[in-house]
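Asker: quick check, what structure comes out for this input:
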Amino acid sequence: MLKADGVGVYTSYNNKYLGDKAFAPLFEELNRRKAVVFVHPLVADCCGAVVPGVPTNAFELPFDTTRTIASLMFSGTLSKSPDVRFVFSHAGGAMPMLAARIDDLTKSMKALRDNVPEGVPAALRKLYVDTAGAFSPAAMAATMKTLPAEHVLYGSDFPYSPSAGVIKGLAENEFPPAVLRGIERDNALTLFPRLKI
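Answerer: Residues are numbered from 1 along each chain as shown. From the prediction side, this is the model:
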């Protein structure tokens, strides 16, 4: 009705992560619409002062993204919403670093794994992420091992971080020109073709 290009949501609402059954009708409708859903983290009520004196956005926001991805995956929401294109800020939080660990430690948990019929690596490869705050060579190495290069999108976190830092940081990765152009422009245009000029 609004002809929106996508929908923006947070990682949790009222201490419920996005895989909670309360959100099932929302994702059913978003799947029907083949929506792009951008997910940005919040500091969860549980964890705002875990390490006093250290800013929560230094580490807690990526962990909240990781929690909601796990929630979506192990609740079965991702497999029930194959037409939703999820875009997670900050390269998917800590998920690229923890993907193999999460996969390994849940293999014997039938109730969880029944909700991820294609397996954890395949489920994660369907996601999209942006580069906001996660453009360093170490972060990008984990991201590119977890996701296809075509699923990595430019993100700056402006106004909280200057865009120039992201552009410089991405250049330090020494990506092939086609990969860098994809991150900086072409991958987003695949998600939003009406923006092509």
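Asker: and the strands in this structure?
Answerer: 7-10, 12-13, 16-17, 36-40, 85-88, 128-130, 152-153 (DSSP state E).
Asker: for C47, find the nearest of the ones you listed.
Answerer: Nearest to C47 among the strands of the chain is strand 12-13; the distance by Cβ to Cβ comes to 10.7 Å. Every residue, glycine included, has its C-beta placed from N, CA and C.
Asker: got a list of contacts for the closest one?
Answerer: Residues outside strand 12-13 that contact it (Cβ atoms under 8 Å, 6 or more residues apart in numbering) are 18, 42, 44, 64, 67-68.
Asker: out of those, who's nearest N173?
Answerer: The closest of those, once distances to N173 are taken by Cβ to Cβ, is D64, at 25.3 Å.
Asker: which pLDDT value goes with that closest one?
Answerer: On the pLDDT scale, D64 is placed at 94.
Asker: so who does it touch?
Answerer: 11-12, 41-44, 47, 93.
Asker: that one - nearest residue in space that isn't next to it in sequence?
Answerer: P41 (4.1 Å; Cβ to Cβ, 6 or more residues apart in numbering).
Asker: roughly how far apart are the one you found and L61?
Answerer: Separation of P41 from L61 (Cβ to Cβ, to the nearest Å): 4 Å.
Asker: swap in A94?
Answerer: For A94, the distance to L61 - Cβ to Cβ - is 10 Å.
Asker: over to L26?
Answerer: The gap separating L26 from L61 is 22 Å, by Cβ to Cβ.
Asker: so those two - more neighbours on which side?
Answerer: Using other Cβ atoms under 10 Å, the more surrounded residue of L26 and L61 is L61, with 23 against 16.
Asker: neighbours of D186, how many?
Answerer: 15.
Asker: quick check, pLDDT for it.
Answerer: For D186, the pLDDT comes out at 97.
Asker: for the lowest-mean-pLDDT helix or strand in the chain, which outside residues touch it?
Answerer: Least confident helix or strand, the chain: helix 163-171 with a mean of 87, by mean pLDDT, DSSP states H and E. For helix 163-171, contacts defined as Cβ under 8 Å, 6+ apart pick out 131-132, 135-136, 140, 154-157, 180, 183-184.
Asker: at 10 Å what do you get?
Answerer: Residues from elsewhere that reach helix 163-171, judged by Cβ atoms under 10 Å, 6 or more residues apart in numbering: 130-137, 139-140, 152, 154-158, 161-162, 179-180, 183-184.
Asker: fine by me, we can end here.
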